[in-house]
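Asker: Provide a 3D model corresponding to the input given below.
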Amino acid sequence: MTGFPVREVEHEITVQAPPADVYRMLAEVENWPRLFPPSVYVDYLEREGDSERIRIWATANGEPKNWTSRRELDPDNLRITFAQEVSSPPVAEMSGTWVIEPQGEQTRLRLLHTYRAIDDDPEGLEWIDEAVDRNSKAELPSLKANVELATRTAELTLSFVDSVTIDGAAKDVYDFVNDAGRWTERLPHVASVTLTEDTPGLQVLRMETLTKDGSSHTTESVRVCFPHHKIAYKQTTLPALMALHTGYWTFEEDGDGVTTASSQHTVIINADNIAKVLGPDAGVAEARTFIRDALGNNSRATLNHAKAYAEARR
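Answerer: As a prediction, the model looks like this:
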């Protein structure tokens, strides 16, 4: 990076949890969509010892982006260094370090970034400044809250899967779920939908969904699509009862042309809104049942319509 202006910035926060727990949650990148608001999906490309190569899909200043990074894990010194291998414009280069420091019974967590913009463009550098600052200020409090929550209780976290067996091709089932812009024609529980896909395989889906009791809510999700076997997503606009909602659709075809299609959800309940949404007598148990029924009913409806669509094309 010699000859180019380089920006170096640092953010930090204090976490009420042991350093080992903080390190572990940072090291397990598959959980990042649950920990960090901007992260949508993270996958391993290579892993060898303490070195790994990962691909990250996230929002930056409200725009969906993806990039590839290399990481070096140092569990003995509680440090994780990273460098973007393939960055998204306007980023030319981006690297950094997570530094986990014991501080009595607490942890001081420092996040360091070093970066520059393509062609030294001042507007591009300003965009990166804003994105790094915004994401860091979102990531650190979220990580703090989720690490501290994980050490106290798991009752607010709910994960489940619904599946159907389809006598049809995985490609056809995938196409039905991927083409969400047509869901108002195909799914009775979808009242309106807007689907944008400026980058192939990276979608923003906004829709108004009806629940069994006749109520409706508007959500927005970023979806990462892997033809023809998986679509991962994270809701960026949430119903009041949820503090987080991530999930994925999977499509697995066997040698006889039979496909198992599944819908997985992970939700963290917004405990502060339970009484407002479900009434003064409701608690966490009622919220878990309500969310399981509402999401499960809509997922199963989508899967069954996808099943009819695929089997009609067999």
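
Asker: give the helix, strand or coil label for the closest residue to E93 other than its chain neighbours.
Answerer: In space, not counting the residues next to it along the chain, E93 is nearest to R116; the distance is 5.5 Å by Cβ to Cβ, 6 or more residues apart in numbering. Quick note: C-beta positions are derived from backbone N, CA and C, even for glycine. Judged by DSSP: H, G, I helix; E, B strand; the rest coil, the three-state class of R116 is strand.

Asker: R116 contacts P5, correct?
Answerer: Yes: using Cβ atoms under 8 Å, R116 is in contact with P5, at 6.4 Å.

Asker: can you tell me the helix or strand for L111?
Answerer: Using DSSP states H and E, L111 sits in strand 106-117.

Asker: cool, and T289?
Answerer: Counting by DSSP H and E, T289 is part of helix 284-312.

Asker: buried residues in that helix?
Answerer: Within helix 284-312, the residues scored as buried using 16 or more other Cβ atoms under 10 Å are 287-288, 290-291, 294-295, 298-299, 302-303, 305-307, 309-310.

Asker: please apply the same query to stretch 171-180.
Answerer: 171-178, 180.

Asker: next one: stretch 25-42
Answerer: Within stretch 25-42, the residues scored as buried using 16+ other Cβ under 10 Å are 25-26, 29, 31-42.

Asker: that stretch: end-to-end distance?
Answerer: Stretch 25-42 stretches 14 Å from its first residue to its last (Cα to Cα, to the nearest Å).

Asker: what about that stretch, average pLDDT?
Answerer: Mean pLDDT, stretch 25-42: 89.

Asker: over to stretch 90-103?
Answerer: Here the average pLDDT along stretch 90-103 is 96.

Asker: so which bits of it are buried?
Answerer: 90-100.

Asker: low-confidence stretches in the stretch 51-200 of the chain?
Answerer: 151-153 (pLDDT under 70).

Asker: one more time with 80, if that's ok
Answerer: Within the stretch 51-200 of the chain, the segments meeting pLDDT under 80 span 61-62, 149-154.

Asker: where along it do the helices fall?
Answerer: 122-150, 170-178, 183-186 (DSSP state H, counting those that start in this stretch).

Asker: now the angle from the first one to strand 106-117?
Answerer: Helix 122-150 and strand 106-117 are oriented at 160 degrees to each other (axes from the mean of the first three to the mean of the last three Cα atoms, to 10 degrees).

Asker: and helix 122-150, which residues are buried?
Answerer: So, applying 16+ other Cβ under 10 Å, buried residues of helix 122-150: 124-125, 127-128, 131-132, 134-136, 139-140, 142-144, 146-147, 150.

Asker: how's this protein carved up into domains?
Answerer: 7-150, 157-312 (automatic domain parsing).

Asker: the residue lying closest to K212 once chain neighbours are set aside and P188, how far apart?
Answerer: Spatially, and ignoring its direct neighbours in sequence, K212 is nearest to N297 (5.5 Å; Cβ to Cβ, 6+ apart). For N297, the distance to P188 (Cβ to Cβ, to the nearest Å) stands at 11 Å.

Asker: do R288 as well
Answerer: 26 Å.

Asker: before we move on, back to that, tell me what the strand holding L111 is packed against?
Answerer: Packing partners of strand 106-117 (3 or more Cβ pairs under 8 Å, 6 or more residues apart in numbering; DSSP states H and E): strand 7-15, helix 19-27, strand 91-103, helix 122-150.

Asker: next, the nearest residue to N273 once chain neighbours are set aside: secondary structure please.
Answerer: Sequence neighbours aside, A240 is the residue nearest to N273 in space, at 4.6 Å (criterion: Cβ to Cβ, 6+ apart). State at A240, reduced to three classes by three-state DSSP: coil.

Asker: what about A240, how many residues nearby?
Answerer: 12 (other Cβ atoms under 10 Å).

Asker: OK, contacts around it?
Answerer: Contact analysis of A240 by Cβ atoms under 8 Å, 6 or more residues apart in numbering lists 217, 270, 273, 276-277.

Asker: among the buried residues of stretch 90-103, which pair sits farthest apart?
Answerer: Using Cβ to Cβ, these reach their maximum pairwise distance at P90 and I100, which is 30.2 Å.

Asker: how about a markdown table for the buried residues of stretch 90-103, with distance to D21 added?
Answerer: Output for those, formatted as a markdown table (distance: Cβ to Cβ, whole Å):
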| residue | distance to D21 |
| --- | --- |
| P90 | 35 |
| V91 | 31 |
| A92 | 35 |
| E93 | 31 |
| M94 | 27 |
| S95 | 25 |
| G96 | 21 |
| T97 | 19 |
| W98 | 14 |
| V99 | 16 |
| I100 | 10 |
